[in-house]
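> Fold the following.
(one chain, ligands or ions: 1)
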Amino acid sequence: MSDSGSVEPFESVERSEGGPSAVEPSAGAPREVVARKPRPGDEEQLSIEGFDESGRGLARHKQCTWSVLRARPGAVVRVKALRRRRDEVEAVALETLERDGRAVAAVCRHFGPCGGCALQDLAYAEQLVGKRALIEQSFARHGALPAGVCVEPVLGAARTERYRNKMEFTFGNRRWIAPDEPQGAPDAFAVGLHAAGLWQKVIDIQGCSIQPEVGDAILALAREIALRRGLEPWDVRTHQGLLRHLVVRVSGSTGEVLVNLVAAREEPERLGPFIRELLERVPAISTFVQTINSRAAAVSSGEREILHHGPGWIRELLLGVEFRVSAQSFFQTNSAQAARLFELVLAEATPRGDELCWDLYCGTGTIALLLARRARAVVGFELVASAVEDARENAARNGLSNARFVEGDVLATTRLEHERPDVVVVDPPRAGLHKDLLAPLAACGARRIVYVACKHGSVARDAALLAPLGWRVARVQPVDLFPHTPHVECVATFERVAGAV
Ligand SMILES: C[S@@+](CC[C@H](N)C(=O)[O-])C[C@H]1O[C@@H](n2cnc3c(N)ncnc32)[C@H](O)[C@@H]1O
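Numbers count the residues shown, from 1 in each chain. Below you'll find the predicted structure:
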């Protein structure tokens with residue numbers, strides 16, 4: 001095998017008008033030799049060097065980038081090509097021929113078929129190395145890092161198991177069957193996570209190693225009670241059935257537990273006893289809501305919510321500020337690492353007591369309220385009305401009267417502000433900043449922009465677009481909120497180039 005990046009010796013064909021058949025070149029003419037590009041079905045041996053954004057192993061071979069399902073960095077694998085688009089080949093590992101010290105045993109019994117944690121069999125330190133490399137590649141692709149600035153090593157999590165404060169399970173009537181299960185094993189009911197690449201199949205999860213133990217207990221009991229009471233799971237093909245999703249949120253700081261049962265209908269005579277039994281058997285559940293979603297879309301939001309128990313929300317404490325988190329609120333899913341992320345944002349924003357800060361795409365006001373304790377005033381901008389309501393409630397609960405929240409599209413609402421901000425924090429959705437926001441943002445008069453990104457490709461692209469508008473990246477610091485997955489948050493700090501308007 002060659003090293004990554006080098007070109008393998010390959011079967012060669014001479015370039016000719018009529019296709020791949022060899023044409024004798026005329027005497028003395030140079031022979032142009034080109035690689036036969038890989039084709040579906042080709043089997044090759046590859047050295048895996050990294051992983052891609054979906055957690056597949058990456059290798060360079062025959063002048064193509066290979067993205068290999070079920071292959072880990074450090075391994076030598078025999079693969080079969082599945083499809084090729086230009087110079088990118090998708091392949092599946094057939095056999096691992098060699099492994100190195102980067103491979104570890106996966107903790108979870110569902111690892112592999114489960115679409116949840118793609119990297120569990122890679123040592124955590126190597127996961128962080130790979131995530132940093134992905135971010136470096138994104139910035140390099142866009143030419144977005146100025147000389148002397150590098151992507152910092154990823155701030156890893158102290159806790160890599162049981163770290164998620166929210167899990168969303170699916171009920172389904174097409175259980176994923178493991179290859180070693182006997183013929184005819186029951187498959188008409190499952191509650192768990194989608195099988196990797198098979199959105200209609202649900203793995204009947206018997207324990208999820210990234211959620212707290214209480215979540216496992218709730219999941220197991222929900223399955224047992226639903227089966228005993230004959231409550232039918234949703235069928236994604238026919239759009240029939242009752243039970244759709246089970247969402248469990250466990251506060252990382254207070255331990256309060258919220259359960260959201262998403263059902264196609266209210267059906268109190270059948271769901272009432274189910275909910276009561278679950279509540280009796282898990283006293284740790286502090287609040288229980290039922291969401292009605294009768295539409296075809298497989299989402300955990302719906303037309304209306306029925307409160308069955310408790311206040312309808314749980315409390316999270318982050319860096320001394322208390323947040324109300326309800327069933328539909330956005331809240332970072334790793335509480336411990338969210339605290340580190342926001343500490344970093346505060347350190348980069350460096351708000352002074354006499355300054356005005358803006359928090360664009362503020363959600364329920366998490367960053368805005370943390371900034372409010374250090375700044376003269378903060379304005380948060382958010383599209384979703386219920387998130388704005390939560391943000392205002394959170395401000396009141398914490399006595400932060402210097403934070404104001406504006407509902408609407410940031411493109412429109414920021415234009416209506418009269419006072420210019422000193423510092424701007426942006427935390428947009430995965431698509432990044434709207435292209436029409438870049439120019440007004442660049443010209444808003446702030447001395448700093450701190451960009452929190454859940455997709456590094458987006459922040460790298462936006463950095464390249466902000467550069468000609470007078471803003472340079474001063475620091476890129478990734479923070480890992482999602483151990484065992486290829487996802488990573490990234491904080492990029494932008495400063496105004498001296499002399500730029
Ligand atoms: C990644 S979340 C940020 C949440 C928040 N910073 C936090 O940590 O809780 C992105 C937010 O942007 C909001 N959003 C999306 N498009 C928007 C737009 N055009 N204008 C304002 N807010 C928008 C979404 O509703 C969502 O709350």
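
> in the stretch 401-501 of the chain, which spans are helices?
410-413, 435-442, 456-466 (DSSP state H, counting those that start in this stretch).

> Sort out which residues of the helix or strand hosting residue 134 are buried, please.
Assessed by DSSP states H and E, residue 134 sits inside helix 124-141. For helix 124-141, the neighbour count (16 or more other Cβ atoms under 10 Å) marks 124, 126-139 as buried. Using the backbone N, CA and C atoms, a C-beta is placed for each residue, glycine as well.

> sorry, back to before: would you tell me which of the helices of the stretch 401-501 of the chain gets closest to residue 146?
helix 456-466 (9.3 Å; Cβ to Cβ).

> if we can go back for a sec, any idea of the mean pLDDT for the helix holding residue 134?
Helix 124-141 shows a mean pLDDT of 97.

> one step back: pick the most deeply packed of the helices of the stretch 401-501 of the chain.
helix 456-466 (a mean of 23; mean count of other Cβ atoms under 10 Å).

> Only alpha carbons, please: show it as CSV.
Extracted in CSV, the C-alpha atoms of helix 456-466 (Å, rounded to 0.1, in the frame of the first residue of the first chain):
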residue,chain,number,x,y,z
HIS,A,456,-17.3,24.0,10.1
GLY,A,457,-17.9,24.1,6.3
SER,A,458,-20.3,27.0,6.8
VAL,A,459,-18.0,29.1,9.1
ALA,A,460,-15.1,28.5,6.7
ARG,A,461,-17.1,29.6,3.8
ASP,A,462,-18.4,32.7,5.7
ALA,A,463,-14.8,33.5,6.8
ALA,A,464,-13.8,33.6,3.2
LEU,A,465,-16.7,35.9,2.4
LEU,A,466,-16.0,38.2,5.3
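
> Show me what it is packed against.
Contacts defined by 3 or more Cβ pairs under 8 Å, 6 or more residues apart in numbering; DSSP states H and E place helix 456-466 against helix 124-141, helix 435-442, strand 448-453, strand 489-496.

> Between those, which one is closest to the ligand.
Evaluated over those, closeness to the ligand peaks at strand 448-453, with 6.6 Å, by Cβ to the nearest ligand atom.

> contacts for that closest one?
Outside of strand 448-453, the residues within contact range by Cβ atoms under 8 Å, 6 or more residues apart in numbering are 341, 345, 348-350, 367, 422-428, 432, 441, 459, 462-463, 466, 471, 489-496.

> and the ligand, which of these reach it?
367, 427-428 (Cβ under 6 Å from any ligand atom).

> can you pick the most crowded of the residues you listed?
When neighbours are counted by other Cβ atoms under 10 Å, residue 367 leads those with 25 neighbours.

> can you list the weak-confidence ranges in the stretch 1-150 of the chain?
1-35 (pLDDT under 70).

> In this model residue 489 seems to touch residue 341, though I could be wrong.
Yes - if you go by Cβ atoms under 8 Å, residue 341 and residue 489 touch, sitting 5.7 Å apart.

> What are the boundaries of the strands in the stretch 51-200 of the chain?
57-61, 64-69, 76-85, 88-98, 166-172, 190-195, 198-204 (DSSP state E, counting those that start in this stretch).

> mind putting these in JSON lines, distance to residue 115 included?
JSON lines is the format used below for the strands of the stretch 51-200 of the chain (distance: least, Cβ to Cβ, whole Å):
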{"stretch": "strand 57-61", "distance to residue 115": "17"}
{"stretch": "strand 64-69", "distance to residue 115": "12"}
{"stretch": "strand 76-85", "distance to residue 115": "18"}
{"stretch": "strand 88-98", "distance to residue 115": "15"}
{"stretch": "strand 166-172", "distance to residue 115": "11"}
{"stretch": "strand 190-195", "distance to residue 115": "5"}
{"stretch": "strand 198-204", "distance to residue 115": "8"}
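
> Looking at those strands, spot the one closest to the ligand.
Between the strands of the stretch 51-200 of the chain, strand 166-172 lies closest to the ligand; by Cβ to the nearest ligand atom that is 12.5 Å.

> can you tell if that closest one touches the ligand?
No - judged by Cβ under 6 Å from any ligand atom, strand 166-172 stays clear of the ligand, getting no closer than 12.5 Å.

> Any buried residues in that strand, and which?
For strand 166-172, the neighbour count (16+ other Cβ under 10 Å) marks 166-167, 169-172 as buried.

> The residues you listed into TSV, with extra columns for pLDDT and distance to residue 291?
Listed next are these as TSV, based on pLDDT from 0 to 100; distance: Cβ to Cβ, whole Å:
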residue	pLDDT	distance to residue 291
166	97	14
167	97	15
169	97	14
170	97	14
171	98	13
172	97	17
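
> Which among the strands of the stretch 51-200 of the chain is found nearest to residue 313?
Of the strands of the stretch 51-200 of the chain, nearest to residue 313 by Cβ to Cβ is strand 166-172, at 13.0 Å.

> what about stretch 184-197, distance to the chain center?
Distance of stretch 184-197 from the chain centroid (Cα atoms, centre = their mean, to the nearest Å) equals 23 Å.

> Could you list the buried residues of it?
Buried, per 16+ other Cβ under 10 Å, within stretch 184-197: 187, 189-196.
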